[in-house]
Each structure stands twice: as C-alpha cells, then as structure tokens.
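**Q** Only the shape, not the letters, is given here:
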Ligand SMILES: Nc1nc2c(ncn2[C@@H]2O[C@H](COP(=O)(O)OP(=O)(O)OP(=O)(O)O)[C@@H](O)[C@H]2O)c(=O)[nH]1
C-alpha cells in the first residue's frame, strides 16, 4: 500500500461526526446563517472551540499536503497547520467564534447632544474572497440621543475589532458596525468612514500599490443635516493630516 500522506483520513461515521458538522447542524436547525462574516458563538458549546482548532489543524495539514509541502521533513512548516488553526480561530477570525465584548454603558445624565468623533481606529480584517489582509482605519461620529445611554470610548474600538475579525467585504463590515452601534446606543445620528488597503490587490491579483477603498455611512441626523455631516468630515480630515 502507498501512503500518500501522513494525515489520518478525514472520513467520519455518524457517531464520530467532526465538531464542525455538529455546529453546522445546530445552525441549520435554528435557521441561522453562517456566512463568513456571521458570528456563530451562540452555537459553539463549551470545549468545542478546542475540538474545532484540532479539526482545522488536521484539515490544514491536508491542504499543505495537497500543496506538496513536506511538513514531515521541513522544519519550517512542521507546526504550520497548528499555527494557522490557532491564528484563524483565536486571532484573525475570532469575531466569528467569540461573544461580543462586554460594553459598559453610562446614563447620559448631562443630556449630551453634541457631535462626538472617535478615530482613527485601526482596522485589521481579511477579505472573504482570498482571505488576504485588509488593513485600514475607521472614524465614527455620534450624535447622542439625550435619553439613551453612552458607551465607554474604548468600546467603540472593541466592537470594531469584534466585527472586523472575520472574513469580510468592506461594505458589509461597515454596515455591520453601524447596525451594532445603532442597536446599542440608539443615537440621533451615526456616521462611519472606513478607509482600507486590500492586500488581495497589493500582494497578488492586479498588484497595485495605491488603491485604498473608502466607505461612508451616514444615518439619522448625519443624513438630514448638511452642516453636521460637513463638520464630521472636516474634523476627520483634520485628523488625517
Ligand atoms: N466590493 C468589494 N470587493 C472586494 C473587497 N475585497 C476584495 N474585493 C474584490 O473581490 C473580487 C473577487 O473577484 P474574483 O474575480 O472572484 O477573484 P479573482 O479572479 O481572484 O480576481 P482578481 O483579484 O481580479 O485577480 C476582486 O475584484 C477583489 O478586488 C471588498 O471589500 N469589497
């Protein structure tokens, strides 16, 4: 018999279903989508993340085998499958598998209703098409609602990181962030500008150095009030100089 690969075969019986199949079955039963940029934390049971990491490692080892890389004798790639699995699940795509960060909120006791801008917040994401990095910056403008709570400043960056740490496309990522913030702070107005470099256009593909994608989302007062929108954009531009 010729052994093609040292990786054990990934065929399973019904009793021995891989953890990814169990999680997928739960998602399907609940009618929950599990696209690349969806969070599935509620469907991952205790201990399953460790199992999932092992499963991804095994499958990654198969990918390396299919790329005809000798992971047995190449000291550089001997631990690559393990490292990549850990990087996907615990770092760059952690926003799919982890619950949202805790977000402290405070009552708006002073009834603040003035423009507030947070940024630039660093964006680290990956495109869902090639899984290449997306690196950029986000500016968030908020016109608070006098009756709604305020959230701590750092929580904008934490929520941003949670949403960006998934395979994304920039347009959807910006909308997801806007929806999440609107749900949590119910502002009178919300503005988001995201500027990012897509490495799928630098490292490969067209191999162009320059292109940056800019996405702008204006909601509520920022849509209705030209002066407010201008103020936000001017202050953001000042930050960039
Ligand atoms: N709209 C949008 N497109 C993106 C984003 N990130 C990457 N892309 C594009 O997604 C497209 C995927 O196109 P395909 O034709 O399926 O893939 P491909 O043959 O590898 O394309 P090339 O990159 O042109 O080589 C490319 O044009 C990418 O530049 C994003 O955030 N938003």
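**A** Arrived safely. None of these values were measured; they are calculated from a predicted model.

**Q** Note down every partner strand of the host helix or strand of residue 139 and its orientation.
**A** Using DSSP states H and E, residue 139 sits in strand 133-143. Each strand paired with strand 133-143, and its direction, by DSSP bridges: strand 116-127 (antiparallel), strand 189-198 (antiparallel).

**Q** which strands and helices sit next to the helix or strand bottoming out on mean pLDDT in the chain?
**A** The weakest-scoring helix or strand in the chain, judged by mean pLDDT, DSSP states H and E, is strand 105-106 (a mean of 88). If you count contacts as 3 or more C-beta pairs under 8 Å, 6 or more residues apart in numbering; DSSP states H and E, strand 105-106 packs onto strand 150-151. The way it works is simple: take the backbone N, C-alpha and C, and place the C-beta from them, glycine included.

**Q** I'd like the mean pLDDT over the strand it packs on, please.
**A** Across strand 150-151, the average pLDDT comes to 90.

**Q** How about residues contacting that strand?
**A** With C-beta atoms under 8 Å, 6 or more residues apart in numbering as the test, strand 150-151 has contacts from 103-108, 112, 144, 184-185.

**Q** now the helices for the protein?
**A** 19-29, 48-66, 80-86, 94-97, 153-164, 170-185, 199-202, 221-224, 226-240 (DSSP state H).

**Q** taking the strands paired with strand 133-143 together, which one is wrapped up most tightly?
**A** Neighbour counts (mean count of other C-beta atoms under 10 Å) averaged over each of these peak at strand 189-198, with a mean of 23.

**Q** tell me the average confidence for it?
**A** For strand 189-198, mean pLDDT is 97.

**Q** Same check on stretch 232-241?
**A** 85.

**Q** again, but for stretch 30-42
**A** Stretch 30-42 comes out at a mean pLDDT of 98.

**Q** List the buried residues of that stretch.
**A** For stretch 30-42, a neighbour-count test (16 or more other C-beta atoms under 10 Å) marks 36-37, 39-40 as buried.

**Q** which parts of this protein sit against the ligand?
**A** Contacts of the chain with the ligand, taken as C-beta under 6 Å from any ligand atom, map to 127, 129, 169-171, 198, 200-201, 205.

**Q** wait, which of the buried residues of stretch 30-42 is closest to the ligand?
**A** residue 37 (10.6 Å; C-beta to the nearest ligand atom).

**Q** still on that earlier bit, what would the helices of the chain look like in JSON lines with mean neighbour count?
**A** What follows is the helices of the chain, written out as JSON lines (neighbours: other C-beta atoms under 10 Å):
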{"stretch": "helix 19-29", "mean neighbour count": "15"}
{"stretch": "helix 48-66", "mean neighbour count": "17"}
{"stretch": "helix 80-86", "mean neighbour count": "17"}
{"stretch": "helix 94-97", "mean neighbour count": "21"}
{"stretch": "helix 153-164", "mean neighbour count": "20"}
{"stretch": "helix 170-185", "mean neighbour count": "18"}
{"stretch": "helix 199-202", "mean neighbour count": "18"}
{"stretch": "helix 221-224", "mean neighbour count": "18"}
{"stretch": "helix 226-240", "mean neighbour count": "14"}
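
**Q** Could you export those as JSON lines, including distance to residue 120?
**A** Formatted as JSON lines, the helices of the chain follow (distance: least, C-beta to C-beta, whole Å):
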{"stretch": "helix 19-29", "distance to residue 120": "35"}
{"stretch": "helix 48-66", "distance to residue 120": "31"}
{"stretch": "helix 80-86", "distance to residue 120": "29"}
{"stretch": "helix 94-97", "distance to residue 120": "19"}
{"stretch": "helix 153-164", "distance to residue 120": "10"}
{"stretch": "helix 170-185", "distance to residue 120": "14"}
{"stretch": "helix 199-202", "distance to residue 120": "19"}
{"stretch": "helix 221-224", "distance to residue 120": "18"}
{"stretch": "helix 226-240", "distance to residue 120": "6"}
